[in-house]
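**Q** Here is a sequence together with a model predicted from it:
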Amino acid sequence: MRRLIFLSLLTMFLMSMLALTHVSASNNSSIPAGAQEYADNHFYEYVIDKVDDEDAELYGFISDSKNIRFSELHEVNILSPEFVSKNEKLKNLNNGVKKANEWISVIYQDEQPVNVIGVYEREDGEFEFSVFGYGKDLAIGLDSIDSGSLKLIYEMPADAWYIFNKGKVKPVNDPAKMSINSEYDLGQFRQVIQERYKDSDTLAEDATNTPNAATILLVLVGSASILFIPLYLFFKRKRQHNRV
């Protein structure tokens, strides 16, 4: 009898621990269920359309292989106006980094990082495609990141991506490496940013766009890039034909 009671209590304890572990894992995730669901349901189909495009290499694809997978979603952050402005004092510089309501994922083709795709949350709480084509250098940079407690910062006017972790900022893609060539503490990084935008209110505003405004601009830039590609190829082929 005692053995039966002991086994029953042990079973209840183990089930409670499993439940707590599940809840804890859910609470620690910063990725909204809607964003993950959108990625799961739409990313693959969108990317396969690009793989089948005759100009797929312009999107970073190395073959027509449909062996495609995606990394975990990385939350995107941007800089606040207070962080960029020299006239503002921040008691806690960490507050100068704010969420952009966008999440991006690395695209892998045959296990090689080739590009980046994203999803964002609209004001009404619905999720939509944001951008495809942040570049292979960002994909390679993110490939080595285990997001965990890291923050990914996007400085939009410079198209620069940084990692922020434990008060330190590191460059991720090529434009960011041109801005800072090593690990900076947040105060040093802020000085670099303030110096860059000290003479331009417009650029400073772009660097600190609210999440929705930033996302809309990213969509427009991505769409314009995709429209430019066919025009570029048309004129390139026409020029080559005229040389023949």
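**A** The structure has been received and is ready for your questions.
**Q** pLDDT (mean, whole number) over the biggest strand by length in the chain?
**A** In the chain, taking DSSP state E as the definition, the longest strand is strand 97-109. Averaged over strand 97-109, pLDDT sits at 94.
**Q** Could you tell me which other helices and strands it packs against?
**A** For strand 97-109, the packing partners by 3 or more CB pairs under 8 Å, 6 or more residues apart in numbering; DSSP states H and E come out as strand 68-70, strand 74-79, strand 112-121, strand 127-132, helix 136-143, strand 151-155, helix 211-243. Just so you know, the C-beta spots here come from the backbone N, C-alpha and C atoms, and that holds for glycine as well.
**Q** could you redo the last one with a cut-off of 6 Å?
**A** Packing partners of strand 97-109 (3 or more CB pairs under 6 Å, 6 or more residues apart in numbering; DSSP states H and E): strand 68-70, strand 74-79, strand 112-121, helix 136-143, helix 211-243.
**Q** I'd like to know the average pLDDT value across the longest one.
**A** When the per-residue pLDDT values of helix 211-243 are averaged, the result is 41.
**Q** same thing with the second one?
**A** Strand 74-79 comes out with an average pLDDT of 93.
**Q** Report the next helix or strand after that strand in sequence order.
**A** helix 81-84 (DSSP states H and E).
**Q** thinking again about what came up before, residues touching the longest strand of the chain, excluding its own?
**A** Applying CB atoms under 6 Å, 6 or more residues apart in numbering, the external contacts of strand 97-109 come out as 35, 47, 61, 65, 68-71, 73-78, 80, 113-121, 130, 139, 142-143, 151, 164, 211, 214-215.
**Q** Send over that strand as CSV, restricted to the C-alpha atoms.
**A** Extracted in CSV, the C-alpha atoms of strand 97-109 (Å, rounded to 0.1, in the frame of the first residue of the first chain):
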residue,chain,number,x,y,z
VAL,A,97,16.6,49.9,-27.7
LYS,A,98,13.0,49.2,-28.5
LYS,A,99,11.0,46.5,-30.2
ALA,A,100,10.1,46.9,-33.9
ASN,A,101,7.3,44.4,-34.0
GLU,A,102,9.2,42.5,-36.7
TRP,A,103,10.9,39.0,-36.7
ILE,A,104,13.3,37.7,-39.2
SER,A,105,14.6,34.3,-40.2
VAL,A,106,17.6,33.0,-42.1
ILE,A,107,16.8,31.1,-45.3
TYR,A,108,18.9,28.0,-45.8
GLN,A,109,19.3,26.2,-49.2
